[in-house]
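J.: Need coordinates for the following:
(one chain, ligands or ions: 1)
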Amino acid sequence: MESPVQQKSLGNTGVMIPEIGLGVWKYRGGVEPLRRGVELGACLIDTAEIYRTEDVVGQAVKGIRDQVFLATKVSGSHLRYDDVLRAADASLHELGIATVDLYQVHWPNSSVPITETMRAMATLVDRKQVKYIGVSNFSTQELRRAQAALPNHPIVSNQVLYNLNDREIERELLPYCQQHDVTIIAYTPLDDGRLAVKSRWRRRQGMAVLEEIATQTHKTLAQVALNWCVSQPNVIVIPKSDSVARTEENCRASGWRLTPAQLALLNEAFA
Ligand SMILES: NC(=O)c1ccc[n+]([C@@H]2O[C@H](COP(=O)([O-])OP(=O)(O)OC[C@H]3O[C@@H](n4cnc5c(N)ncnc54)[C@H](OP(=O)(O)O)[C@@H]3O)[C@@H](O)[C@H]2O)c1
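T.: As a prediction, this is how the structure comes out:
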């Protein structure tokens, strides 16, 4: 089977996950792009209870469940103990599976004690409904508190915004996660498609350098933008595409590396 997508360890678990996964927020592509992505090694699919795409993901993984690492999320408005358990039941039902590989708190909610939420997450692991626990949109401090509230299980990932145009996590969260072996699952890695199309107006200097490096490497803009993200230790990306061709293109953002000089040029151009 053709598999251009390289893998990285999920947190400190030793479990290998692809550095390019498949996001399905606002996804309308049906089962084909997801199946093709999995075939090419992008065997992590990321959904959420609020996306209303758990059913199509369930259809896509029918018969190939053992080849896919499935991630979903509990909404930040369902973080009371009973609500988390109910939300997990509903997600497993929609996905048509008994155990989800990664269950993530979609966003923090300061009106619910994090100890209560994490107690529910631990219960789900004990019940074997969840393999690994992750969070999303957590700051460094929120991540520290969440881990302190979960003494017997590691928080293996934090899913956050990261792309060439949005590099806020480089200040504090990314170094913290690299030091503590927490995988960063970078969402919106193509800046919602803006990094994948030639543009005369937006952030011209950065886009000009991106285009130049794409020409040099015989890759597309999207491939260079995604490869820049995954060149960082502990970072994987989950681009979304409704199309088989663009899913193939995105998978081929892995299996090679930008040179240190190309990375430096991009870092400077998008500073
Ligand atoms: N945890 C959170 O709070 C959170 C928030 C946002 C997103 N996410 C996750 O991250 C995933 C990805 O983020 P995103 O959907 O916001 O943005 P994205 O992946 O950066 O961009 C998606 C857009 O780019 C287009 N696109 C994809 N590949 C392309 C290519 N090779 N060339 C040109 N255009 C391309 C897509 O169009 P087509 O579909 O037409 O190809 C779509 O319009 C989501 O699906 C979701 O799973 C999580």
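
J.: which parts of the protein sit against the ligand?
T.: 23-25, 46, 106, 136-137, 159, 187-193, 196, 222, 238-243, 246, 249-250 (C-beta under 6 Å from any ligand atom). Any C-beta I mention is one placed from the backbone N, CA and C, and that applies to glycine too.

J.: Whichever of the residues you listed end up buried, select them in PyMOL.
T.: Selection command for PyMOL covering only the buried members of these, criterion 16 or more other C-beta atoms under 10 Å:
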select buried, resi 23+24+46+106+136+137+159+187+188+189+190+191+196+222+238+239+240+241+246+249+250
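
J.: State the three-state secondary structure for the spatially closest residue to Ser157 that is not a sequence neighbour.
T.: Nearest non-adjacent residue to Ser157, counting by C-beta to C-beta, 6 or more residues apart in numbering: Gly134, 3.8 Å away. Using DSSP: H, G, I helix; E, B strand; the rest coil, the three-state assignment for Gly134 comes out as strand.

J.: Could you do Asp89 as well?
T.: helix.

J.: mind listing what it touches?
T.: Gln129 (C-beta atoms under 8 Å, 6 or more residues apart in numbering).

J.: switch the cut-off to 10 Å
T.: Leu124, Gln129 (C-beta atoms under 10 Å, 6 or more residues apart in numbering).

J.: Okay, helices next: where are they in the protein?
T.: For the chain, the helices defined by DSSP state H cover 31-39, 54-61, 81-95, 114-126, 140-148, 173-179, 204-217, 221-230, 244-251, 260-269.

J.: Out of these, indicate the one that is most buried.
T.: helix 221-230 (a mean of 24; mean count of other C-beta atoms under 10 Å).

J.: Identify the residue nearest the geometric centre of this protein.
T.: Ile185 (3.5 Å; C-alpha atoms, centre = their mean).

J.: any idea of the pLDDT on the nearest residue in space to that residue that is not next to it in sequence?
T.: Among residues not flanking Ile185 along the chain, Gln159 sits closest, at 4.0 Å (C-beta to C-beta, 6+ apart). pLDDT, Gln159: 98.
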